[in-house]
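Enquirer: Below is the sequence, then the predicted model.
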Amino acid sequence: MHLGHAFAALHAWHLAREQNGKFLLRIENIDTGRCRQEFEEAIFEDLLWLGLNWDGQARKQSQNMHEYKRALDKLSQDSLLYPCFCTRKEILAEISQAGAAPHELHGHKYPGTCKALSETEQQERIGGGEAYALRLDVDKAIKHTGPLVWLDEERGTQECKNVSGDVVLARKDVPTSYHLAVTVDDHRQRVNMVTRGIDLFDATHIHRLLQALLGLDTPTWNHHKLITDHHGERLSKRNRAPTIRSLRRAGETPATIKAMIGYN
């Protein structure tokens, strides 16, 4: 955990306790190649050191793949998925050729390259062993559900829009993705308030759509600010944000950590 994670956990914990609710912990470890038991134990240790206790057992996504597969099968039966064989490099090249400036490529919508493939070609390529992802046909899904809205606690009612394009919901050997897994998890854990960073605001449109398609409960959302470094960049592993463990070893206390992120 780094300071950004600590802020997110403190924000969720305080909201839950102020509203006499439960603070639920989830281990999002669908990437079994990168996730390790010692990382989970470090998260538990950091949270408890900060004084954050959670209710019940932590839900581990790696133990619930069958639930995500069931949800994926439902979407497939409704003809809302299609296989995509494009590499990231190919997707960026096609977007660039369509006229997007290089600095606009990050986060740009998938251009729908594989959507027009015939079922015969899809099956031939899958049968040939090609790597593929399963994408949600978002425009088709929105027509299937009709207009949808969702509620952000601070920003009010939001109209559900296709702002992310046809997102990946699974890959050849992994029956889920972040979007599908957290949507199922929120329902299974009976979550009625989702707290997360403002950088995931657009993802909520997808999650609301998936809830409608799968007949799942719809919570309220609270999108909080992000903790940034002195350059204004979001804290992350990629930019080597200091970990809670390293700060502890340097002599920081829970009180000073909370003060650093505005929870003193």
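Expert: It's in.

Enquirer: pLDDT weak spots in the protein?
Expert: 93-108, 231-232, 235-240, 264 (pLDDT under 70).

Enquirer: one more time with 90
Expert: In the predicted model of the chain, residues 1-2, 30-39, 87-113, 161-165, 172-175, 227-243, 260-264 satisfy pLDDT under 90.

Enquirer: could you pull out the strands for it?
Expert: Assigned by DSSP state E, the strands in the chain fall at 26-27, 59-60, 81-84, 133-136, 149-152, 156-159, 168-171, 193-197, 220-224.

Enquirer: Could you count how many residues lie near Glu40?
Expert: 15 (other C-beta atoms under 10 Å). (Each C-beta comes from the backbone N, C-alpha and C, glycine too.)

Enquirer: List the contacts of it.
Expert: Neighbouring residues of Glu40 by C-beta atoms under 8 Å, 6 or more residues apart in numbering: 27, 29, 58, 60.

Enquirer: Run through the bridge partners of the first one.
Expert: Taking DSSP bridges, one finds Lys60 as the beta-bridge partners of Ile27.

Enquirer: Distance-wise, check it relative to Trp150.
Expert: 25 Å (C-beta to C-beta, to the nearest Å).

Enquirer: residue contacts, the nearest residue to Ala131 once chain neighbours are set aside?
Expert: Counting by C-beta to C-beta, 6 or more residues apart in numbering, Ala131 lies nearest to Lys172, which is 5.4 Å off, once chain neighbours are set aside. If you count contacts by C-beta under 8 Å, 6+ apart, Lys172 has them with 131-133.

Enquirer: for the stretch 101-250 of the chain, what spans make up the helices?
Expert: 119-127, 138-145, 178-188, 203-214, 244-249 (DSSP state H, counting those that start in this stretch).

Enquirer: can those helices go into a markdown table with extra columns for distance to Ala259 and mean neighbour count?
Expert: Output for those, formatted as a markdown table (distance: least, C-beta to C-beta, whole Å; neighbours: other C-beta atoms under 10 Å):
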| stretch | distance to Ala259 | mean neighbour count |
| --- | --- | --- |
| helix 119-127 | 54 | 12 |
| helix 138-145 | 43 | 16 |
| helix 178-188 | 30 | 21 |
| helix 203-214 | 30 | 21 |
| helix 244-249 | 12 | 15 |
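
Enquirer: No further questions, thank you.
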